[in-house]
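[1] show me how the following folds:
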Amino acid sequence: MHGMRRVARLLAVAGVAFGTLHGQAFAREHVAGAPIAIECGGIGEDEAARMRAEGASHALMIQFVSIDGGFLADVHTRVDDPLRDLRAEADCGPIGLVDVALAGRYRVTATYDGRAQEHWVNLKPGGGARMVLRWLE
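    From the prediction side, this is the model:
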């Protein structure tokens, strides 16, 4: 079990490092078998439309908005399963697409301008869940 956890952590770290270089938490070609992956983007109408259209095929689509409806970027986002010691993190927005390898209860923590929100959600691979997170600016 420790071996699997270590591999999962290495995959998550590799994905975040790769994403930092390319502006996404994980490349569009997710690491095969990664337990949790976040694709961040949605800047520009074409990319936002593509990500919204693809949202139903991912475990979760998160939209980050201000209370007046404006889109937010650079929202530090973490999706984790503390019981399995799995996580993925990225600076995300205005849209984040989350994929999970296993169905379960996951914690979504998002921080914008020093203010954090935490939500627990039941996710499954390709489940099509949606979440809108709002902040006062």
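[2] nearest residue to the middle of this protein?
    Ile38 (3.5 Å; CA atoms, centre = their mean).
[3] so how far is Glu137 from it?
    23 Å (CB to CB, to the nearest Å). Every residue, glycine included, has its C-beta placed from N, CA and C.
[4] what residues are up against Gly114?
    Residues near Gly114 by CB atoms under 8 Å, 6 or more residues apart in numbering: none.
[5] just the pLDDT for Ile67.
    Ile67 carries a pLDDT value of 94.
[6] now swap in Ala17 and tell me
    38.
[7] strands of the chain, start to end?
    36-41, 60-66, 75-81, 86-92, 95-100, 104-112, 115-123, 129-135 (DSSP state E).
[8] residue contacts, Glu137?
    Taking CB under 8 Å, 6+ apart, one finds Ser66, Ile67, Asp68, Gly70, Asp113 in contact with Glu137.
[9] quick revisit: just list whatever residues bridge to the residue nearest to the centre of the chain.
    Val98 (DSSP bridges).
[10] any chance of the strands of the chain in TSV, plus distance to Arg52?
    Below are the strands of the chain laid out as TSV (distance: least, CB to CB, whole Å):
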stretch	distance to Arg52
strand 36-41	11
strand 60-66	7
strand 75-81	17
strand 86-92	15
strand 95-100	7
strand 104-112	18
strand 115-123	18
strand 129-135	10
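[11] how long is stretch 73-90 end to end?
    Its start and end residues considered, stretch 73-90 measures 11 Å (CA to CA, to the nearest Å).
[12] do the same with stretch 67-86
    So stretch 67-86: terminal residues 31 Å apart, CA to CA.
[13] tell me how far it lies from the chain's centre.
    Computed by CA atoms, centre = their mean, to the nearest Å, the chain-centroid distance of stretch 67-86 equals 6 Å.
[14] which of the residues in it are buried?
    Leu72, Val75, Thr77, Arg78, Val79, Asp80, Asp81, Arg84, Leu86 (16 or more other CB atoms under 10 Å).
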